[in-house]
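Colleague: Build me a structure from this.
(2 chains)
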Amino acid sequence: MTDEELMLAVCVGDRSAYQTLVRQHLKPISHYAYRMLGNQKDTEDITQEVFLKLWINASSWKKEKAKLTTWLHRITHNLCIDYLRKQGRVQTQRTFDEGSVGAIAGKKNDSGNEDQLSLLHEVINNLPESQRSALTLCYYQGFSNKEAAVIMNISVKALESAISRAKRTLRNQLTTNNEVPARKPEQKQEPK
Amino acid sequence: MTLDEFTKIIDLYGTEPDCWPSELHTQCKTFLTTHSEADALLKRQRQVDELMKQLTVPNFPGLELRALNQALPERDNKFFDRLLAWLMPEDNIGKQIWRPACAACMPLFIGIVLGNFFNFGIGIEDDGFQYWNDELIMLSLSDYTEGTF
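Modeller: Residues are numbered from 1 along each chain as shown, chains lettered A, B, ... in the order given. Modelled structure (predicted):
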């Protein structure tokens, strides 16, 4: 069944269609939430809420406007931003799980570059929310710039600027510093 | 081409030359061979990309079951929702005009149909007509000769 057929079924209350959609989209949604939030508990809460919103607002998805995965990522993005703002953690150092670098790295010690991975993790976490989101959507989630801009509700130009700034920061921090960058003080949020 | 322009291409299209815009491909290649800074930048970005690939996300073992088994609200107002969605579609500007217009005309159509089948007590055999019949009969019975004698 296509996404459209599944969503039509969800609109009339078909729970098996909902379950199929959960299985199809759980991985990308949870990965995006984790890269935005950085800890398992919040990721699970937000992912669950995304699928609840899918069930409740299924009729508001229009296939002409966006692919289902784009729509779901947009819901996830908005929920993550709301959550981070409520926690007062946007643009600030966030409370990531203990040992999350090891968990997120996956290949711990395999290549002997744990320090570099730790540094990369720290630098990414210190990026402003818009830059981190843009980088995650385009680099890890595989969206085009246009789709990522739709998800973040910004112009393609603003998205490209965010990606460019994020990559420059990563390049500079990872190749010139050997130490973990100092935690940044609270910054004002960039206008979208 | 300047180093800034080259950096922007690397940032937006990645480090693989095949992904660079075709119209700038040759320019970039030439710039790479003639500018050592560009080559160093490309190598640095490739190192960063390699590291980024290693940042994976852990598994969430109970998450699928949690999402599948969560309590979903019942849909008790499906008809109303669908009616509203039909009346005010978001996708087509044409539909946004004619559908509400049709809905607004519905009382008129219903009135015409009902009026065609029911007279609601309004007809040709009403009290007024009967009153005129009685009046004519009374006039015909009147004695008009009384006053002449």
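Colleague: So chain A: which segments form each domain?
Modeller: Chain A breaks down into these domains under automatic domain parsing: A:1-94, A:98-183.
Colleague: Any chance of those in TSV with mean neighbour count as columns?
Modeller: Bear in mind the C-beta positions are built from the backbone N, C-alpha and C, glycine included. Output for the domains of chain A, formatted as TSV (neighbours: other Cβ atoms under 10 Å in any protein chain shown):
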stretch	mean neighbour count
domain A:1-94	18
domain A:98-183	18
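Colleague: Which stretch among these approaches chain B most closely?
Modeller: Closest approach to chain B among these (Cβ to the nearest Cβ): domain A:98-183, 3.8 Å.
Colleague: related to what we said a few turns ago, which stretch in the domains of chain A is the model least sure about?
Modeller: Mean pLDDT is lowest for domain A:98-183 among the domains of chain A, at a mean of 79.
Colleague: Give me the neighbour count for the nearest residue to A:N113 once chain neighbours are set aside.
Modeller: Of all residues not flanking A:N113 in the chain, B:L51 sits nearest, at 7.0 Å (Cβ to Cβ, 6 or more residues apart in numbering or on different chains). B:L51: 19 surrounding residues under other Cβ atoms under 10 Å in any protein chain shown.
Colleague: mind listing what B:L51 touches?
Modeller: By Cβ atoms under 8 Å, 6 or more residues apart in numbering or on different chains, the contact set of B:L51 is A:N113, A:Q116, A:L117, A:L120, A:L174.
Colleague: for the residues you listed, which one is nearest A:K67?
Modeller: When the contacts of B:L51 are compared for distance to A:K67 (Cβ to Cβ), A:L120 wins out at 29.8 Å.
Colleague: which residues does the closest one contact?
Modeller: Taking Cβ under 8 Å, 6+ apart, one finds A:L170, A:L174, B:V48, B:L51, B:M52, B:L55 in contact with A:L120.
Colleague: And the helices in the chain?
Modeller: The chain I'm using is chain A. Taking DSSP state H, the helices of chain A run over residues A:3-11, A:15-37, A:40-56, A:68-87, A:100-105, A:114-126, A:129-135, A:145-152, A:156-176.
Colleague: Chain B, not that one
Modeller: B:3-13, B:22-34, B:36-54, B:63-69, B:78-87, B:93-117, B:127-141.
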